[in-house]
Every structure is written in C-alpha cells, then in structure tokens.
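Engineer: Whatever this is, show me its structure:
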Amino acid sequence: MNPPNELIQETVPLKSRIWVSIGDAACAMLNTFIVSIGLTYYFTSYRGMDPSLAAVVWLMFGIWNAVNDPLFGYISDRTKSKLGRRIPYIRYGAPLIGVTFVLSWVNMGGVQASQTVMFIQMLVLLFLFDTLYTAIATSIYVMPFEMAISNKARGSIMIWKLIFAVFPLAVPLVLWGFIRPEPGTSSSGFLWIMLGFGLVMSFLIYVSTYFYKEKHFQQEEGQLPFLQSLKACFTNRSFIVFEVISFTVIYVQTSLMLGLNYYLAEFNLPALPLYGALALGIIVGVILFINVRDRWGIKKATMFMAGVFSLGCFLMLGFGRQLVPALIGFFSFGIGFAGGMYLIPLMNGDVVDMDEHRTGLRREGMYAGVNSFITKPAISLANSAFIWFLSMNNFDFAGLAGTQSEQAKTGILLGWVLIPAILLGISSLSLVFYPLAGEAWEKIKGDLAIGHAEKERRLLESKGIRYE
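Structural biologist: Residues are numbered from 1 along each chain as shown. Down below sits the predicted model:
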C-alpha cells in the first residue's frame, strides 16, 4: 500500500484506453453523419425540403441544446450505481441511439412527403438523436477525467482517442462519397447501408462499456445545488477563457466537415492528394503535440494550433481553387484537427481540476453540460450559416454534383472557411488570458492526485477491499 502522501504513478490499462476510444469513435461517426455531413443534404437536396425550413430546424435545435446539456450534466454528477456515474448512460443509451440514427434516414411520408412532414421528421428525430448523443457522448468525453488525474495518464488515453478519431473524420466522408443519393434516384441501397452502419456503431458503443471503469469515490461525495453549481462554473476564470476555444473548435469542425463534400463535388481538384495532405497534417500534429505537451504546456500548444488552423482557413478562402495552396490548407486543417482532438480535452480536464481545487468536488458532468450549453449552438450556427452563404450566392440545392455556378462556388468557400478563420484567430489571442500554466498549476495537480489516491483508499478499505 502506498503512503497517502506519496504520489502514485497513474496507469490506465491498454484495453481500457482502446475500448473507450472505440466507443468514442463510434458515437462520433453517428454524429458526423447526422450533424456535419448528411442530414442537411439529405433533407434539402435529396428530398426537396425548403432550405429555410432546414435552417429553422437547426436554430430550434440549438435552443433545445441550451436546456438538455447542463441538465444532463447535473443529473449525471449525482448518479449513483454499481457501474459508476457515466457508464449506465453509455451502455443503455447505445441501442436507442442506433434506432434513432436509422429512423433519421427513413423517407417518412414517401417520395411525395409534404414540407410539413419533412420538417416534423427532421426536427423530432434530430432532437431525439441529440438527447441520446448528449447522454452518451458527454459521458464518454469525461471518462478520461474519471479514470485518471495526471495529464500523462489522461494523455495516454487521448492518444488512442486521437488514433481512433481518424475514423469519424475519414469513414463518413469517404463512405458518403460512394453512397450519397443523387436527387431523383432511389435511396433503397442508401437506407440499407445506414441501417447496418447504425446497428454496428451502437453495438460497439455498448460493448465498449465492459472494458473500462470509473473511480467510485466520486459518487460518494455530495454535490452543489443546481444554481450554485452553475454559478461555480462561471466564476472559474479558466473555464470562461476555455469556452472561447471550445466553441470555436466545435464550430470549425462542423463547418469544415459540412463544407468538405460540397467543395470536393464542385471544385475540379483531385480528392486523393487532398485527403493525403489532411492525413499527413493529422499525423504531424499528433507527433508534434505529444512531444511539446509538457515542454510548451497545453496553453502555448493550443495557441499555436489555433494560429496555424486560422492561417490555413484564410489560405483556402483566397486560393482554394488552386491545388498547391489547397494542399497546404488541408495540411494545416490536419494539424488543427489533431490539436483540437488532443489538446482541447486535456485543457478541459485542467479546468475541471481547477474547479475541484476551488470547490473540493469532482463535477465533470456539470462542466461537460455547461460546455455543451455554450458550444452546441455552434453546430446549429455552422449549419445555418453555411446554408445562408450558399443561398446568398445562388447555390442550386437540387443541382447535380459539379453543376454549380462560379458565384455558388464562392459561396461554398465563404460558408466553409470564412467564419472559422476569424474565430480561430480570436481564440489564439484569447488564450493569453488562460491562467492554468506554470509550476504553481502543476503543484495543484499533484496535490489533487494525492488526494484522489487517499479518497479511493478510504472508500475501498471501508468496504473491506485492499488498496493496491
């Protein structure tokens, strides 16, 4: 048994790191198809729904997110079960999200469905899908914080999550290019593929929950009342600064994933070299950020990531019609995606650690919920803004791939990268005010790790279990 004042070197079993990453990737792939790539196209371009109605759906969806995310975070922090605070939502929500995913692609009302029927279907299923996604994805997102306290141990999980994050980036994009139904064609084959995909992904999410576990001392602790808990989040200065980059990353990822297929369909550039540049950027970004994490610190590494990402977006805006600048732009996108997937969760973990230092409580769920309250509207705004830029530039939503006018192509570039470029630049500058860096912060994290080990020891020994 380790003395309570001795800092234990944390390790997370390899199978736990891999399976939590599989569950995260499977959930993300379902979400990518719904919110980033397919749903807007499927309802507007394929089924003929009025784009203005689709924009209204996304805006209403954003309002719903303002309600369900903080509420779920508060509930999950207070959940008590033998499985822990998060795993029950992942395990038992998995089959339900698979069914909702499949129903999202069913042509309710048939090929002649009215605008009202399509509006109701898109709205209701998007709301149901996101409620389940919130419960599952938020729980998976905070699992590394439940499993470990040090950035080294958490980073060992994030590396695997980053490796598996290639699948949510690549699989939906590549698969959509092959299965996307063109207006006027049959969608039967597409529907069967979506059925199989939804079932497989939900099965992987379900199975993953048998390979990782939470530290149970946290559910033995009390929690603040809802309003007091909410106030504690917004009085945490590090959280306020973090939300600038967090909102930006969600907006940028949604916008870039949404616009990529439009870009590749309308601009006469070879897709394979562009995908290669994106993949190379991700690999370089992963290697870079793993190696500079401790030397630069999370703060400086994230500032660098946001700056490079912003420059890449501006490059695509001005020269995205030419292959060489596009290759450089895609390479910078890869670095940005790698940083967003690796650094942002680590920064979020530090913010929660600071909250524990201030309040004495672990409140990952509440922070994840409030973070979603702020950032989920970015998904709706990105979808609505993209549709608006296309509409303002006379994009033909019913047109076949490769038939858009030059003005419509300009609309694609504007909707795709203009706002992300601006937001990323602002985020890089705002991180100057992020306080969690330096020796004093590392000492606080070390003290928290020692405290966690002692709490876990007391809990296990109170149940007659030896603490190893």
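
Engineer: So what's the residue count around residue 168?
Structural biologist: 23 (other Cβ atoms under 10 Å). No exception for glycine: its C-beta is placed from N, CA and C like everyone else's.

Engineer: again with residue 123
Structural biologist: 18.

Engineer: hang on, it packs against residue 55?
Structural biologist: No - counting by Cβ atoms under 8 Å, residue 55 is not a contact partner of residue 123; they are 12.0 Å apart.

Engineer: Which helix or which strand is home to residue 198?
Structural biologist: Assessed by DSSP states H and E, residue 198 sits inside helix 188-208.

Engineer: Buried residues, that helix. List them.
Structural biologist: Buried residues in helix 188-208, counted by 16 or more other Cβ atoms under 10 Å: 190-191, 194-195, 197-198, 201-202, 204-206, 208.

Engineer: Those residues into TSV, with extra columns for pLDDT and distance to residue 104?
Structural biologist: Below are these laid out as TSV (pLDDT from 0 to 100; distance: Cβ to Cβ, whole Å):
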residue	pLDDT	distance to residue 104
190	92	12
191	93	11
194	93	8
195	94	11
197	95	12
198	95	9
201	96	13
202	96	13
204	96	19
205	96	17
206	96	19
208	94	22
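
Engineer: tell me which of these is nearest to residue 290?
Structural biologist: residue 208 (23.5 Å; Cβ to Cβ).

Engineer: quick one: residue 126 and residue 34 touch, right?
Structural biologist: Yes - Residue 126 is within contact range of residue 34, at 7.2 Å (criterion: Cβ under 8 Å).

Engineer: where do the contact lists of the two overlap?
Structural biologist: residue 104 (Cβ atoms under 8 Å, 6 or more residues apart in numbering).

Engineer: Quick one: residues contacting the residue nearest to residue 334 when sequence neighbours are not counted.
Structural biologist: Residue nearest to residue 334 in three dimensions, not counting chain neighbours: residue 281, with 2.0 Å by Cβ to Cβ, 6 or more residues apart in numbering. By Cβ under 8 Å, 6+ apart, the residues touching residue 281 are 330-338.

Engineer: at 7 Å what do you get?
Structural biologist: 330-335 (Cβ atoms under 7 Å, 6 or more residues apart in numbering).

Engineer: Residue 42 now?
Structural biologist: Going by Cβ under 7 Å, 6+ apart, residue 42 touches residue 105.

Engineer: Quick one, grab the pLDDT at it.
Structural biologist: Looking at residue 42, its pLDDT reads 90.

Engineer: i'd like the first residue to be 49 from this point on
Structural biologist: Done: numbering now begins at 49, and the last item shifts to residue 90.

Engineer: The residue nearest to residue 127 when sequence neighbours are not counted and residue 124: what is the separation?
Structural biologist: Leaving aside its sequence neighbours, residue 127 sits nearest to residue 133 (Cβ to Cβ, 6+ apart; 4.6 Å). Distance of residue 133 to residue 124, given as Cβ to Cβ, to the nearest Å: 6 Å.

Engineer: Need the buried residues of helix 236-256 in JSON lines (columns: distance to residue 262).
Structural biologist: Output for the buried residues of helix 236-256, formatted as JSON lines (distance: Cβ to Cβ, whole Å):
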{"residue": "238", "distance to residue 262": "39"}
{"residue": "239", "distance to residue 262": "38"}
{"residue": "242", "distance to residue 262": "33"}
{"residue": "243", "distance to residue 262": "33"}
{"residue": "245", "distance to residue 262": "29"}
{"residue": "246", "distance to residue 262": "27"}
{"residue": "249", "distance to residue 262": "23"}
{"residue": "250", "distance to residue 262": "21"}
{"residue": "252", "distance to residue 262": "20"}
{"residue": "253", "distance to residue 262": "16"}
{"residue": "254", "distance to residue 262": "17"}
{"residue": "256", "distance to residue 262": "14"}
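
Engineer: From those, pick the one nearest residue 120.
Structural biologist: For the buried residues of helix 236-256, the nearest to residue 120 is residue 253 (16.7 Å; Cβ to Cβ).

Engineer: Once you drop chain neighbours, what's closest to the closest one?
Structural biologist: residue 142 (4.0 Å).

Engineer: Surely that neighbour is in contact with residue 256?
Structural biologist: No - applying Cβ atoms under 7 Å as the test, residue 142 and residue 256 come out as separate, 8.6 Å apart.

Engineer: picking that back up, joint contacts of residue 133 and residue 124?
Structural biologist: Counting by Cβ under 7 Å, 6+ apart, the residues touching both residue 133 and residue 124 are residue 413.

Engineer: re the thing from before, and the helix or strand hosting the residue nearest to residue 253, what does it pack onto?
Structural biologist: Using DSSP H and E, residue 142 sits within helix 135-151. Judged by 3 or more Cβ pairs under 7 Å, 6 or more residues apart in numbering; DSSP states H and E, the packing partners of helix 135-151 are helix 62-79, helix 163-195, helix 236-256.

Engineer: Which helix or which strand is home to the nearest residue to residue 295 once chain neighbours are set aside?
Structural biologist: Once flanking residues are discounted, residue 295 sits nearest to residue 423: 4.8 Å by Cβ to Cβ, 6+ apart. Using DSSP H and E, residue 423 sits in helix 412-440.
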